[in-house]
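A.B. asks: Please find the sequence and the predicted model below.
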Amino acid sequence: MMDVNEIRKYLPHRYPFLLVDRVVELIPGESIVAYKNVTVNEPFFNGHFPDHPVMPGVLIQEAMAQAAGILGFKTMDKTPQDGSIYYFVGSDKLRFKRPVVPGDRLQLEAKIVSEKRGIWKFDVRATVDGELASSATILCADRKV
């Protein structure tokens with residue numbers, strides 16, 4: 001549904017920090033399903049950990065937040081070029097259930113829970129082959145730049 005070129009219109013992130021490769025399902029105002037292909041060439045694997053590469057949990061959380069950001073921007077019918085930025089401002093109930101390693105396809109899901117005065121709440125999940133890797137409730141704030 002959205003390739004990386006279109007994703008770049010809705011997220012200000014760029015390599016090596018753009019963590020969404022493709023959006024496969026998006027219902028504005030409701031939910032998104034996207035994914036990140038995790039490869040051994042990711043720069044963070046050089047130090048985390050050289051002999052046992054594991055994707056850092058904070059980057060899994062960031063990938064979930066980026067998917068939620070795309071959903072928020074599409075729901076508001078805005079892009080960063082419109083002078084809007086979407087800040088990741090909080091997380092609750094964050095859990096990690098399995099490591100994410102090179103070769104995994106990290107599926108990212110986000111559902112809108114609520115929006116009030118530019119503060120959005122999302123339920124997010126990351127899975128690999130249907131197995132839960134991480135979940136959380138996150139908050140994002142839409143702000144002018």
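C.D. replies: Cool, got the structure.
A.B. asks: quick one, phi psi at M55?
C.D. replies: Backbone geometry at M55, expressed as degrees, to the nearest 10, gives phi -70, psi 130.
A.B. asks: Next, count neighbours for it.
C.D. replies: Neighbour count of M55, defined by other CB atoms under 10 Å: 24. Every C-beta, even on glycine, is put in place using the N, C-alpha and C of the backbone.
A.B. asks: Could you do C140 as well?
C.D. replies: 23.
A.B. asks: Please enumerate the helices of the protein.
C.D. replies: Along the chain, the stretches classed as helices by DSSP state H are 4-10, 57-76.
A.B. asks: among these, which is nearest L19?
C.D. replies: Evaluated with CB to CB, those place helix 57-76 nearest to L19, the distance being 3.9 Å.
A.B. asks: Name the residues of that closest one that are buried.
C.D. replies: 57, 59-76 (16 or more other CB atoms under 10 Å).
A.B. asks: Please tabulate the helices of the chain in CSV, including the columns mean pLDDT and distance to R95.
C.D. replies: What follows is the helices of the chain, written out as CSV (pLDDT from 0 to 100; distance: least, CB to CB, whole Å):
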stretch, mean pLDDT, distance to R95
helix 4-10, 97, 26
helix 57-76, 97, 10
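A.B. asks: Output those in JSON lines; the columns should cover distance to L106.
C.D. replies: Output for these, formatted as JSON lines (distance: least, CB to CB, whole Å):
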{"stretch": "helix 4-10", "distance to L106": "15"}
{"stretch": "helix 57-76", "distance to L106": "6"}
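A.B. asks: which stretch among those comes nearest L108?
C.D. replies: Across those, L108 has its closest neighbour in helix 57-76 (4.0 Å, CB to CB).
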